[in-house]
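In: prediction below, plus the sequence it came from.
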Amino acid sequence: MIFEKVKEVIANQLELDPETITMESSLIDDLQADSLDVMDMIMQFEEEFDIEVDEDSLDEIKTVGDIVNYFEKNVK
Amino acid sequence: MTIYLDAMGGDNAPVQIIEGAVAAVAEYGINVTLIGDEAVINNVFENRGLSRSGIDIINATEKVEMTEEPVAAVRKKKDSPMVRGALLVKGSHEDAFISAGSTGAVLAAATLYCGRIKGVSRPALGTLVNIKKPVMVLDNGANADCRPEYLDQFARMGAAYIKAAAGVEDPKVGLLNIGTEDIKGNALIKEAFGLLRDDPKVNFVGNVEASGVFDSDADVVVCDGFSGNILVKAVEGTAKLTFGIVKDVLMGGALNKLAALIIKKDLYEKKDLLDPRAYGGAPLLGTNATVIKAHGNSDATAIKNAIRQADKLVRAGMLSALEEAIKQQEENR
């Protein structure tokens, strides 16, 4: 469920075919996002799921899976 | 209308920034709200004996430094003038925000906290130069890497801007290239050429070489941010060098000095044509707000001009014009 939402936002932000986005995709290396794109998307997820990602976890987010796992773990 | 001004951003902050705001109130009657460390701002007013008439202050305790990684800094420093300013103008058609701080941080703060106009892929920084006529160059450094569609979007935004800001009807758009022939350029430029040529809402006049940017038919010249930044800085540097050479000649002997005396006034008037301070700042086009990035080394005159520019853009309805230009592009897809 969260993966579908994450995929939709990423596809929209980076103008990609959602089918090319997998849990393993690296945001920067595979999906060609820059640091501003990554933060922009994370802030969209924060608004969508109504939680704030803590600063330490921000640095750990490298792949689509990292985003999905963070929100799955922390969204109540 | 409220013009919000980052009092802490730029090489000459806060003194020159504050003096610029005071000058804008005195000369143009435009009220300004300064955002920054209140104690520091108050000190400047007291030490310089400046009038507070028409000036409001919003206290912001943090500051984004030039050396910080922009995205992380604006994420973390929510009580910085950049973040406070961006949040205050988000979605507003009545207000504007000006900062002379780090370009990357202004771009990041505006993108993250104001959001983008619906349909905009990437916001772009524009530079308006008025030598023979107003010419808008964009992108000037917000996007080092671009896709061809971005350049088409820059064309629409640049045209909407120059129409609103300088009253240019049906603006002509050129594509920065290494030759004027249709087949010239790299992969990005060749593809962008096709998109611009086929876009019914863009009055495309073809390729423009760097040497002809300010002397061609085009009112708007689009390029990727990497090339645009090099172009604008090369022009600035060359202008500075040229005036240095002219000055050396005019000081090179008694007769030359006499000539200098005669032409000094005219010459200095022309110098302003190439002076970035005279134009105020670079508008950031595509975010959901009116945001101006003033030159990092802005003095009070440059800030005063940026305030006048912001006032003019809000009055001209620039944000609505950009929204309309992008909406039409979406509908054409």
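Out: Yep, it's here.
In: chain B versus the residue nearest the centre of chain A, what's the distance?
Out: Geometric centre of chain A, nearest residue: residue A:67, 4.4 Å, by C-alpha atoms, centre = their mean. The gap separating residue A:67 from chain B is 15 Å, by C-beta to the nearest C-beta, to the nearest Å. Heads up, the C-betas are built off the backbone N, CA and C, glycines and all.
In: give me the number of residues near the residue nearest to residue B:22 when sequence neighbours are not counted?
Out: Excluding the flanking residues, the one nearest residue B:22 by C-beta to C-beta, 6 or more residues apart in numbering or on different chains is residue B:50, at 4.9 Å. Applying other C-beta atoms under 10 Å in any protein chain shown, we find 18 other residues in the vicinity of residue B:50.
In: contact partners for residue B:50?
Out: Residues counted as contacts of residue B:50 (C-beta atoms under 8 Å, 6 or more residues apart in numbering or on different chains) are B:18, B:19, B:22, B:44.
In: and it, which of the three is it?
Out: Secondary structure state of residue B:50, per DSSP: H, G, I helix; E, B strand; the rest coil, is coil.
In: ok, now how distant is it from residue B:295?
Out: Going from residue B:50 to residue B:295 by C-beta to C-beta, to the nearest Å gives 22 Å.
In: go on, residue B:148?
Out: Remark: distance between residue B:148 and residue B:295 (C-beta to C-beta) = 30 Å.
In: where in the stretch 51-200 of chain B is pLDDT low?
Out: For the stretch 51-200 of chain B, applying pLDDT under 70 flags no range at all.
In: taking it, what residue is nearest to chain A?
Out: Nearest residue of the stretch 51-200 of chain B to chain A: residue B:71, at 4.6 Å (C-beta to the nearest C-beta).
In: for that residue, what is the enclosing helix or strand?
Out: helix B:70-76 (DSSP states H and E).
In: tell me the contacts of the closest residue to residue A:15 other than its chain neighbours?
Out: Of all residues not flanking residue A:15 in the chain, residue B:121 sits nearest, at 6.5 Å (C-beta to C-beta, 6+ apart). Under the criterion of C-beta under 8 Å, 6+ apart, the neighbours of residue B:121 are A:15, B:147, B:149, B:150, B:153.
In: now do 10 Å
Out: A:13-15, B:143, B:146-147, B:149-150, B:152-154, B:286, B:326 (C-beta atoms under 10 Å, 6 or more residues apart in numbering or on different chains).
In: got it, and residue B:122?
Out: Residue B:122 sits next to A:34, A:36-37, B:107, B:111, B:116, B:139, B:142-143, B:145-147, B:149-150, B:153-154, B:225, B:285-286 when contact means C-beta under 10 Å, 6+ apart.
In: close to chain B: what parts of chain A are there?
Out: Applying C-beta under 10 Å from any C-beta of the partner chain, we find that chain A lies next to chain B at A:13-15, A:32, A:34-40, A:42-44, A:53, A:55, A:58-59.
In: apply 7 Å and report the result again.
Out: Contact residues, chain A versus chain B (C-beta under 7 Å from any C-beta of the partner chain): A:15, A:35, A:36, A:39, A:40, A:43, A:55.
In: just the buried residues from these, in PyMOL please.
Out: Typed into PyMOL, the line below selects the buried ones among those, using 16 or more other C-beta atoms under 10 Å in any protein chain shown:
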select buried, chain A and resi 36+39+40+43
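In: what is the longest helix seen in chain A packed up against?
Out: Identified as the longest helix of chain A according to DSSP state H is helix A:35-49. Secondary-structure packing of helix A:35-49 (3 or more C-beta pairs under 7 Å, 6 or more residues apart in numbering or on different chains; DSSP states H and E): helix A:2-14, helix A:64-74, helix B:70-76.
In: would you mind putting those into CSV with distance to residue B:236 alongside?
Out: CSV is the format used below for these (distance: least, C-beta to C-beta, whole Å):
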stretch, distance to residue B:236
helix A:2-14, 34
helix A:64-74, 41
helix B:70-76, 22
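In: pick the most deeply packed of the ones you listed.
Out: Among the helices and strands packed on helix A:35-49, helix B:70-76 has the highest mean neighbour count (mean count of other C-beta atoms under 10 Å in any protein chain shown), at a mean of 21.
In: what's the following helix or strand after that one?
Out: helix B:81-89.
In: and that next one, how far from the chain's centre?
Out: 18 Å (C-alpha atoms, centre = their mean, to the nearest Å).
In: what does that helix contact?
Out: For helix B:81-89, contacts defined as C-beta atoms under 7 Å, 6 or more residues apart in numbering or on different chains pick out B:4, B:6-9, B:35-36, B:58, B:60, B:64, B:74, B:77, B:95-97, B:99, B:101, B:105-106, B:109-110, B:113-114, B:289-291.
In: how about the helices in chain B?
Out: So, for chain B - with DSSP H - the helices run B:15-28, B:38-48, B:70-76, B:81-89, B:103-109, B:148-166, B:187-198, B:225-250, B:254-271, B:276-279, B:300-315, B:318-332.
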